[in-house]
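Undergrad: Kindly generate the corresponding structure for this input.
(one chain, ligands or ions: 1)
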Amino acid sequence: MTMSMKLQVVVVVLLAATAGSARAASRLNVITATEDLASLAREVGGDSVSVDSIAKGYQDPHFVEPKPSFLLKLQKADLLAVVGLQLEIGWLPPLITQSRNARIQAGASGYLDLSQSCQILEIPTGQITRAMGDVHPLGNPHYWLDPENGRRIAKAFADKFSDMLPARAAYFQQRYADFDGRLAKAEKGWDAQMAPYRGRKIITYHRSWPNFCQHFGLVVVDYIEPRPGIPPSPGHTLDVINTMKRENIKLVMVEPYFDLRAPNSIARAVDGDVAVLLPSVGGVEQVTDYFKLFDYDINLLISLFQKHK
Ligand SMILES: [Zn+2]
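TA: Below you'll find the model as predicted:
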């Protein structure tokens with residue numbers, strides 16, 4: 001046996017020991033990249049998991065400023081759940097490496113990429129260039145905004161938790177079934193509320209809403225960002241105003257973390273409104289879970305659709 005083979009054996013034995021201790025624990029320590037994933041993990045994890053999110057729902061999930069406290073969270077995690085599709089590429093990978101936690105490295109059993117369980121839109125075809133924008137190179141990462149994807153995320157958590165804590169598998173699957181039932185009921189209500197507004201046209205700042213709009217039948221005609229991650233230019237702002245006038249669009253939806261100057265000037269020019277629509281749980285204080293997120297956004301949208309009949 002060579003020295004490097006011996007080292008490999010030692011590493012494998014150490015990794016197995018770490019994994020074993022996590023499996024023996026009665027409660028899983030789950031860290032999620034975003035508050036949306038945290039909310040869904042809590043739905044199925046109940047009292048058998050503790051869940052904490054790194055990014056806050058009022059932050060742009062593409063650009064989160066790393067803090068030392070994030071490292072502490074990652075060092076203790078049994079499971080790290082990420083949105084994936086490079087949403088977190090600007091801030092999370094170095095933290096994962098620095099945590100030196102073998103359980104949560106990409107590809108390890110304690111690393112869960114939820115994009116692999118969901119329907120993903122806007123997957124680029126052909127050659128990808130930087131000119132297309134910087135932040136959505138593998139498809140749209142804001143996929144949790146369709147309740148069907150929320151259901152798939154919850155199911156992926158239930159299955160992962162069951163693998164990690166087999167003694168509690170029945171509990172996790174029962175909690176998933178309960179969540180699925182409550183989500184189906186809520187969805188029926190949301191679909192009915194939104195039904196009169198199917199086909200309505202809106203402008204959004206960033207491409208955060210394709211899954212949401214596909215589900216509820218809204219049409220995003222243009223974006224204040226000319227390309228994902230690229231701030232608006234005066235020329236593009238003028239194009240958006242002309243499009244809105246031509247198509248009689250009155251609503252500009254802005255995520256909570258963008259500068260309101262361009263959206264406000266656009267809305268003024270078309271006699272319309274700017275609305276801060278929340279892409280994430282925690283976007284405002286009272287939106288504390290996945291259900292309240294849809295309640296909030298749908299109520300806000302409907303109030304504006306009614307104002308601009
Ligand atoms: Zn994005």
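Undergrad: For Leu112, which residues are in contact?
TA: For Leu112, the contacting residues are 79-82, 156-157, 160, by Cβ atoms under 8 Å, 6 or more residues apart in numbering. C-beta coordinates here come from the backbone N, C-alpha and C atoms, glycine included.
Undergrad: So Val252 sits against Arg261, correct?
TA: No. Here Val252 does not reach Arg261: they are 12.0 Å apart, not a contact under Cβ atoms under 8 Å.
Undergrad: And the strands in this structure, which stretches?
TA: Per DSSP state E, the chain has strands spanning 28-32, 49-53, 79-82, 111-113, 201-204, 219-223, 251-254, 273-276. These are given in chain order.
Undergrad: Name the spans of this structure whose pLDDT lies under the cut-off.
TA: Screening the chain residue by residue with the criterion pLDDT under 70, one finds the ranges 1-25, 128-134.
Undergrad: Let me see the ranges of the helices in it.
TA: The residue ranges that make up the helices of the chain, judged by DSSP state H, are 3-24, 35-45, 68-76, 92-99, 147-164, 169-194, 210-216, 234-247, 261-269, 290-307.
Undergrad: Could you give me the buried positions within the fifth one?
TA: Of all the residues in helix 147-164, those buried under the rule 16 or more other Cβ atoms under 10 Å are 147, 149-162, 164.
Undergrad: Burial check on Asn101, number of neighbours?
TA: As a burial measure, the neighbour count of Asn101 was computed by other Cβ atoms under 10 Å and equals 21.
Undergrad: Oops, could you answer that again for Gly272 instead?
TA: The number of residues near Gly272, taken as other Cβ under 10 Å, comes to 23.
Undergrad: Next up, phi/psi of it, please.
TA: phi -120, psi -160 (degrees, to the nearest 10).
Undergrad: Enumerate every residue touching the closest residue to it other than its chain neighbours.
TA: Closest residue to Gly272 apart from its sequence neighbours, by Cβ to Cβ, 6 or more residues apart in numbering: Lys250 at 3.6 Å. When contacts are counted by Cβ under 8 Å, 6+ apart, Lys250 touches 244, 270-273, 304, 308.
Undergrad: same deal with Ile120?
TA: Taking Cβ under 8 Å, 6+ apart as the contact definition, Ile120 lies against 85, 139-140, 143.
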